[in-house]
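Chemist: can you look at this prediction? I've put the sequence above it.
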Amino acid sequence: MENMQKKIEKLTLINDMLTPDLIREKNVKLGLRNPDGTGVVVGITTKGNVVGYEKVFDDDEKKKFSIRPIPGRLFYCGYDVIKIVEEVAAEQKFCFDEIVYLLMTGELPNQHDLKKFVRDLSKRRALSKSERSIIMDEVQNDNQMYALHSVISHMSRCDPTADSTDTNDVLRQCLNLIAKFPTIVAYNYNVSRFGKGNDLKIVRPDPELSTAENFLYMLKGEKPDRYEALLFDIALILHADHGGGNNSTFTVRTVSSSGANTYMSIAAGIASLSGHLHGGANETVKMMMKDLMKNVKDWQNEKKVKAYLESLMARKGFDRSGKIFGFGHAVYTISDPRAVILKKHAEKLAKMKGAYDEFLLYDMVERIATGLLSGRKGKSISANVDFYSGFVYQLMGIPKELYTPIFAMSRVVGWSAHRLEQIVQGKIIRPAYIHATVEEKKYMPINRRK
């Protein structure tokens with residue numbers, strides 16, 4: 001059996017590999033990317049907008065243009081997210097629920113509507129008995145993304161109209177999931193710890209607490225520090241959406257376009273987000289930095305840190321993938337605005353927690369890695385949101401197993417908004433693939449095959 005598997009693997013690698021010449025000949029845009037690195041436009045959205053470069057036209061007719069990198073910007077329904085974050089940080093208020101309303105409706109709520117909406121979300125947070133039983137079935141599941149995927153896909157059993165694509169039913173399902181995700185993530189983790197012999201700690205959501213406060217409260221069993229809760233609220237805002245083109249959101253839109261139900265569509269987004277090239281990168285950054293700290297004892301020695309990063313690029317260190325995790329983005333070039341915001345808060349929190357030396361190491365890695373990667377690729381490469389998000393969660397005492405589920409807990413807002421938008425637009429997503437073989441092959445009887 002093992003020899004047969006090896007043969008199948010060998011044939012797969014031979015026959016599935018595409019040569020650069022064939023790609024150029026067929027003019028195929030692999031990964032839905034244009035030759036200049038920009039994304040192939042496949043749809044229109046009113047939700048998130050990601051900006052990392054601008055087109056500079058070379059002629060008056062605007063037919064020829066070049067791409068110029070610019071500092072990254074992120075917009076939700078036309079509003080600059082970084083400006084929103086800076087304002088709410090100055091006011092020291094919780095704003096995630098307001099962002100949920102914005103992405104779902106396209107408009108910012110007035111005071112009256114926001115109050116009613118927050119109250120409505122609060123009522124939806126608690127899990128029913130049948131929903132809690134699904135989580136208890138995952139008691140032995142150590143992988144929190146596997147557990148989250150399983151729970152969400154099975155929640156359709158608790159919904160009598162699970163397969164409805166009526167917008168009213170879908171909206172109800174989406175709002176329920178947005179409200180329940182923090183509860184599910186916290187409960188999943190505590191139930192998995194119970195499976196390892198720890199006491200079972202199930203804390204019901206507090207209707208008087210914000211989404212950020214409630215998650216930390218349900219996770220740890222005690223009311224969180226206000227500054228940490230406000231910072232966690234900012235992290236949720238920054239991860240809530242990233243346009244229709246990111247892998248998990250495009251997956252949700254694709255599955256939604258087939259007529260699949262809300263639970264299957266959101267579960268598909270979770271599956272996509274679990275990958276180490278998408279949401280799972282924040283956990284991988286943490287493991288990479290841990291490996292660096294193990295191999296470089298002097299965190300202030302730039303030469304040794306640079307040598308370590310060069311070893312990663314040469315496929316000789318860490319996971320031997322050749323990657324420095326937490327750097328580069330499909331759209332952002334000079335900077336990822338989310339990383340800029342999180343870095344500023346990470347520095348402050350590190351000082352408060354007595355971990356400033358570790359922050360300085362992150363800062364050094366960012367400086368050295370951007371230089372190395374930009375030099376190798378011949379274009380601007382910057383730290384992305386994954387580089388600092390895990391460090392911020394670590395300083396809050398959040399276990400690394402929850403870094404990606406927290407990403408999902410926030411991004412379910414964007415997934416839900418895009419699902420509704422896709423249903424309203426009503427067109428199944430079906431891109432074309434060009435076949436590599438041009439000639440027809442003749443079927444040979446088995447006794448004549450080599």
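Modeler: In hand now; what should we look at?

Chemist: buried ones in stretch 283-294?
Modeler: For stretch 283-294, the neighbour count (16 or more other C-beta atoms under 10 Å) marks 283-286, 288-289, 292 as buried. Where you see a C-beta, it was placed from the backbone N, CA and C, and this is true even at glycine.

Chemist: okay, and which of these map to helices?
Modeler: Secondary structure from DSSP state H places 283-286, 288-289, 292 of the buried residues of stretch 283-294 in helices.

Chemist: where does the protein have its least confident helix or strand?
Modeler: Within the chain, no helix or strand scores below helix 20-26, which has a mean of 80 by mean pLDDT, DSSP states H and E.

Chemist: which parts of it are buried?
Modeler: Buried residues in helix 20-26 (16+ other C-beta under 10 Å): none.

Chemist: residues in contact with residue 359?
Modeler: 346-347, 350-351, 391 (C-beta atoms under 8 Å, 6 or more residues apart in numbering).

Chemist: how close does the nearest residue to residue 77 once chain neighbours are set aside get to residue 420?
Modeler: Nearest non-adjacent residue to residue 77, counting by C-beta to C-beta, 6 or more residues apart in numbering: residue 106, 4.9 Å away. According to C-beta to C-beta, to the nearest Å, residue 106 and residue 420 sit 11 Å apart.

Chemist: helix/strand/coil for the residue nearest in space to the middle of the chain?
Modeler: The chain has residue 279 as the residue nearest its centroid, 3.6 Å off, counting by C-alpha atoms, centre = their mean. In three-state terms, and counting by DSSP: H, G, I helix; E, B strand; the rest coil, residue 279 is coil.

Chemist: off-centre distance for the lengthiest strand in the chain?
Modeler: Criterion DSSP state E: the longest strand present in the chain is strand 65-76. Distance, stretch centre to chain centre, for strand 65-76: 20 Å (C-alpha atoms, centre = their mean, to the nearest Å).

Chemist: what's in contact with that strand?
Modeler: Strand 65-76 is contacted by residues 36-38, 47-58, 80-82, 84, 99, 102-103, 238, 240-242, 329, 331-338, 379-380, 382 when judged by C-beta under 8 Å, 6+ apart.

Chemist: picking up where we left off before, check the spacing between the nearest residue to the residue nearest to the centre of the chain once chain neighbours are set aside and residue 414 real quick.
Modeler: Nearest non-adjacent residue to residue 279, counting by C-beta to C-beta, 6+ apart: residue 273, 3.6 Å away. Noted for residue 273: a distance of 11 Å to residue 414, by C-beta to C-beta.

Chemist: now do the contacts for residue 49.
Modeler: Applying C-beta under 8 Å, 6+ apart to residue 49 gives the contacts 74-76, 78, 243.

Chemist: same check on residue 237?
Modeler: When contacts are counted by C-beta under 8 Å, 6+ apart, residue 237 touches 81, 84-85, 88, 95-96, 99, 410.

Chemist: with neighbour count as extra columns, can I get the contacts of residue 359 in JSON lines?
Modeler: Shown next, in JSON lines, are the contacts of residue 359 (neighbours: other C-beta atoms under 10 Å):
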{"residue": "346", "neighbour count": "24"}
{"residue": "347", "neighbour count": "16"}
{"residue": "350", "neighbour count": "21"}
{"residue": "351", "neighbour count": "11"}
{"residue": "391", "neighbour count": "24"}
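
Chemist: of those, closest to residue 180?
Modeler: The shortest gap between residue 180 and any of the contacts of residue 359 belongs to residue 391, at 27.8 Å (C-beta to C-beta).

Chemist: which ones are touching the closest one?
Modeler: The contact partners of residue 391, by C-beta under 8 Å, 6+ apart, come to 285-286, 289, 346, 350, 358-359, 362.

Chemist: next one: residue 312 from residue 275, what distance?
Modeler: Noted for residue 312: a distance of 19 Å to residue 275, by C-beta to C-beta.

Chemist: ok so, going back, so which of the contacts of residue 237 are in helices?
Modeler: Under the assignment DSSP H, the contacts of residue 237 contribute 81, 84-85, 88, 96, 99, 410 to helices.

Chemist: ok, back up a step: and the residue nearest to residue 77, how far from residue 12?
Modeler: Residue 106 sits at a distance of 45 Å from residue 12 (criterion: C-beta to C-beta).

Chemist: quick one on the thing from earlier: after the least confident helix or strand of the chain, next one along is what?
Modeler: strand 48-57 (DSSP states H and E).

Chemist: returning to what we had before: show me what the longest strand of the chain pairs with in its sheet, parallel or antiparallel.
Modeler: When sheet partners are counted by DSSP bridges, strand 65-76 sits next to strand 48-57 (antiparallel), strand 79-80 (antiparallel).

Chemist: for that strand, which positions count as buried?
Modeler: 67, 69, 72-76.

Chemist: determine which two of the residues you listed are furthest apart.
Modeler: Within these, 67 and 76 form the most distant pair, 24.1 Å apart (C-beta to C-beta).
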